[in-house]
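**Q** Sequence plus predicted model, see below.
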Amino acid sequence: MINIKIKSWSKRKKVAIGVATFLLIWYIFCLPRQLFHVPYATVVTDRDGELLGARIASDGQWRFPACDTVPEKFVVCLTEFEDRYYRYHWGVNPLAIGRAFVQNMKAKRIVSGGSTLTMQTIRLSRGEKRTIGEKLIEVILATRLEFRYSKNRILSIYASHAPFGGNVVGLEAASWRYFGHSSNQLSWAEAATLAVLPNAPSMMHLSKNRDALQKKRNRLLYRLFQRNIIDEIDYELATSESLPSEPLPLPQIAPHLVSHFYQTRKGEHIVSSVDKSMQVQVEHLLERWNAEFLRSDIRNMAAIVIDVQTNRVISYCGNVGFSENKSANQVDIIRSPRSTGSILKPFLYYTTLWEGEILPHTLLADIPMNINGFSPQNFNMQYDGAVPASKVISRSLNIPTVLLLRRYGVPKFYDFLKKAGISTLSKSSDHYGLSLILGGAEATLWDICSVYTDMARSLKELDKISCSLLMGEEQGKKRSVFQPGAVWQTFDAIKEVDRPEEIDWRTIPSMQTIAWKTGTSFGFRDAWAVGITPRYVVGVWVGNASGEGKPGLVGARTAGPVMFDIFNILPSSNWFNRPTAEFMEVEVCRQSGHLKGRFCDAVDTLLICANGLKTTHCPYHIPVNLSADERYRVYEHCVGEEPIIQTNWFVLPPVWEWFYKQRHPEYKTLPPFKSGCGDDSQIPMQFIYPQSNARITLPKQLDGSRGEITFELAHSSSNATVFWHIDGEYITATQDFHKLSISLLPGKHSITVVDNEGHTLSVSVTIE
């Protein structure tokens with residue numbers, strides 16, 4: 001039936017219907033899906049929407065990303081000035097167009113366009129010259145735009161792209177550039193000023209025709225008063241406000257963070273996790289410290305504060321003096337790889353605790369060492385002989401830590417660091433070697449603080465999610481490498497690190513407990529400090545971005561005090577609860593820190609991780625028989641009827657003992673064997689330097705002669721005489737301090753020592 005009816009239509013009717021159909025389809029699809037194809041500025045706000053800073057759009061315009069809403073004051077002013085009947089028409093106001101036509105005919109020039117706000121939005125998006133044909137297109141597209149969007153949405157599009165003079169585009173940019181605050185805080189006078197500016201921004205702005213602009217604003221305010229939109233007091237206050245004298249600079253808070261987002265998310269409006277109030281306080285604090293450090297020509301500093309509960313950054317200070325553009329102040333240190341110094345040591349302590357390599361107070365050797373030419377030194381250039389592992393970390397001793405890493409294995413620790421989140425280990429573990437734990441590798445302050453935050457979060461049983469700079473983003477879940485038991489013991493050790501203050505913080509109840517660790521790189525180039533509480537992790541780096549070292553650039557003296565000052569402006573918290581379920585109770589030797597051995601007399605009950613049961617029992621307590629006067633050791637079979645005293649004795653290896661007894665006067669050396677009642681199988685001496693099979697390079701002296709090598713020996717007996725032989729040739733004898741300095745030819749040499757009791761010890765070295 002429909003087919004027959006269509007065939008009966010006249011040709012004219014068919015053409016008319018076809019044209020109408022075509023026009024309808026064209027009308028439906030005539031409006032582009034995206035109206036504006038323009039670049040936007042990068043805008044970064046804090047977690048509450050407060051502006052931190054912005055970077056200009058690529059076309060040189062201050063055009064903030066489009067907003068979804070427009071403040072009511074500006075809406076009232078804009079519609080009253082530009083389009084009073086905006087809420088009542090469908091994109092075109094025939095009365096306004098008619099009135100404009102009459103006015104233009106009388107004036108014989110264009111004095112009024114009759115455009116609605118919807119039509120102006122279309123004109124802004126097209127950017128074409130104003131002609132009658134273009135006006136017709138605007139009319140058609142404006143009506144189509146009204147079908148697509150609500151009135152409020154169209155207003156927000158217009159407000160985001162309207163010109164406000166100079167290179168300022170959009171309401172939000174104009175509000176900040178002219179009045180120094182967001183559009184939500186506009187006064188009636190400010191809203192009226194911005195409402196009249198887009199009408200003729202090139203003819204009337206702050207730098208010229210100021211009187212005309214003010215009169216135009218005041219006329220608009222008077223119309224609002226006449227219509228009872230504002231009362232008399234608001235009107236008088238608004239008209240009394242002066243115009244801003246010139247555009248204002250945008251805020252420069254967290255500028256390195258803003259630059260980071262400019263590089264990674266250009267043209268977006270980013271709501272960061274930063275707390276503006278805290279950010280400003282930390283920046284001011286760093287500026288004060290920077291003024292102090294500049295006296296020592298230390299020019300750069302960075303700090304980061306992470307909220308442990310949310311795992312989000314609340315303060316991000318990438319450097320100081322960003323606007324000065326000198327001394328590499330614009331370098332973002334937080335994301336710059338720097339030599340780690342000692343800042344990684346607690347990670348080694350953690351993983352050796354967790355895997356059962358040590359217990360919290362296991363004695364570790366602190367003696368001179370040389371491993372294939374690598375001879376680390378403690379910061380104080382001294383040796384303790386043996387130090388409990390917890391004290392090794394709290395005192396940041398280098399030698400015991402290196403020996404612990406050697407025992408644990410560099411490849412294993414290297415893999416652990418990568419799994420924990422240290423992203424800058426770009427070379428193989430062999431490349432770093434044992435220096436990995438002393439600053440031989442680089443890391444960023446971001447990675448270091450993120451790892452310490454993961455440790456803190458493991459104690460609070462929080463989800464393991466990646467550290468974030470943004471609010472409201474989906475944070476990626478990740479597998480944590482940290483177990484709460486060993487973490488708690490690690491924090492328990494480093495909370496005992498001596499603080500920069502001379503007072504004892506432990507005796508002052510108001511001072512909160514903070515686990516913290518410092519780091520100082522070789523050559524005094526980098527100073528680190530990281531502090532942890534149940535609420536926050538604070539990281540600080542001090543130094544020169546150029547890598548220039550400075551005397552006194554030490555973590556505990558520079559970065560440490562800054563870190564504690566930051567904690568002083570943060571809310572305090574109680575210490576972590578001990579994860580009791582993670583531990584088991586065992587008896588350990590009080591002197592050695594090992595599991596209780598057969599011959600340990602003094603023991604303590606200690607909570608340890610389950611893997612700690614794999615550690616060795618105390619190897620340093622041995623049973624001995626003494627003569628009645630306790631002056632000699634004896635064997636039962638050789639004393640006949642003489643009384644003997646049986647006891648247990650704490651005995652360290654000779655080299656350990658040599659240094660240990662200098663620090664521990666309570667340490668007692670084993671008495672010698674009674675004549676004829678001894679044991680020649682026990683060697684009472686040990687080489688301090690060098691280790692056997694060491695390869696040693698001797699530098700030339702200033703006069704061109706070969707340098708000397710110094711051999712050093714520890715002997716359990718202070719009265720011993722030691723006879724030195726090199727390659728079978730007798731050289732000399734020593735007493736008290738057993739050292740020998742001699743120049744040797746290149747090649748392999750054998751050094752043999754014999755003491756006055758006949759004990760013999762040899763070591764081989766290769767001189768290169």
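**A** Ah, there it is.
**Q** C-alpha from now on. contacts and neighbour counts both.
**A** OK.
**Q** My read is that Leu359 contacts Lys614, right?
**A** No: Leu359 is beyond contact range of Lys614, at 9.8 Å (criterion: Cα atoms under 8 Å).
**Q** Name the residue in those two with the higher neighbour count.
**A** Under the criterion of other Cα atoms under 10 Å, the comparison of Leu359 against Lys614 puts Leu359 first, with 31 against 13.
**Q** For His260, see how far away the more buried one is.
**A** Note on Leu359: its distance to His260, by Cα to Cα, to the nearest Å, is 43 Å.
**Q** Going along the chain, name the strands of the stretch 601-750 of the chain.
**A** Taking DSSP state E, counting those that start in this stretch as the criterion, the stretch 601-750 of the chain carries its strands at 603-609, 621-627, 644-650, 685-689, 694-696, 709-715, 721-726, 729-735, 738-742, 747-755.
**Q** For those strands, give me a markdown table that also has mean pLDDT and mean neighbour count.
**A** A markdown table is the format used below for those (pLDDT from 0 to 100; neighbours: other Cα atoms under 10 Å):
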| stretch | mean pLDDT | mean neighbour count |
| --- | --- | --- |
| strand 603-609 | 94 | 18 |
| strand 621-627 | 87 | 18 |
| strand 644-650 | 89 | 16 |
| strand 685-689 | 82 | 21 |
| strand 694-696 | 80 | 18 |
| strand 709-715 | 85 | 19 |
| strand 721-726 | 90 | 20 |
| strand 729-735 | 88 | 13 |
| strand 738-742 | 86 | 15 |
| strand 747-755 | 90 | 17 |
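**Q** Please, which helix or strand holds the residue nearest the centre of the chain?
**A** In the chain, the centroid-proximal residue (Cα atoms, centre = their mean) is Trp446; its distance is 2.6 Å. Under the criterion of DSSP states H and E, Trp446 resides in helix 445-459.
**Q** circling back to that earlier point, could you dump the strands of the stretch 601-750 of the chain into a markdown table with distance to Trp62 added?
**A** Shown next, in a markdown table, are the strands of the stretch 601-750 of the chain (distance: least, Cα to Cα, whole Å):
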| stretch | distance to Trp62 |
| --- | --- |
| strand 603-609 | 59 |
| strand 621-627 | 76 |
| strand 644-650 | 76 |
| strand 685-689 | 68 |
| strand 694-696 | 65 |
| strand 709-715 | 70 |
| strand 721-726 | 81 |
| strand 729-735 | 82 |
| strand 738-742 | 74 |
| strand 747-755 | 73 |
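**Q** wait, which of the ones you listed is closest to Val387?
**A** strand 644-650 (14.6 Å; Cα to Cα).
**Q** Centre of the chain to the closest one, how far?
**A** Relative to its chain's centre, strand 644-650 lies at 54 Å (Cα atoms, centre = their mean, to the nearest Å).
**Q** relative to strand 621-627, how tilted is it?
**A** Taking axes from the mean of the first three to the mean of the last three Cα atoms, to 10 degrees, one finds strand 644-650 and strand 621-627 inclined to each other by 150 degrees.
**Q** just to revisit the earlier point, what is the helix holding Trp446 packed up against?
**A** strand 300-307, helix 484-494, strand 526-532, strand 536-543 (3 or more Cα pairs under 8 Å, 6 or more residues apart in numbering; DSSP states H and E).
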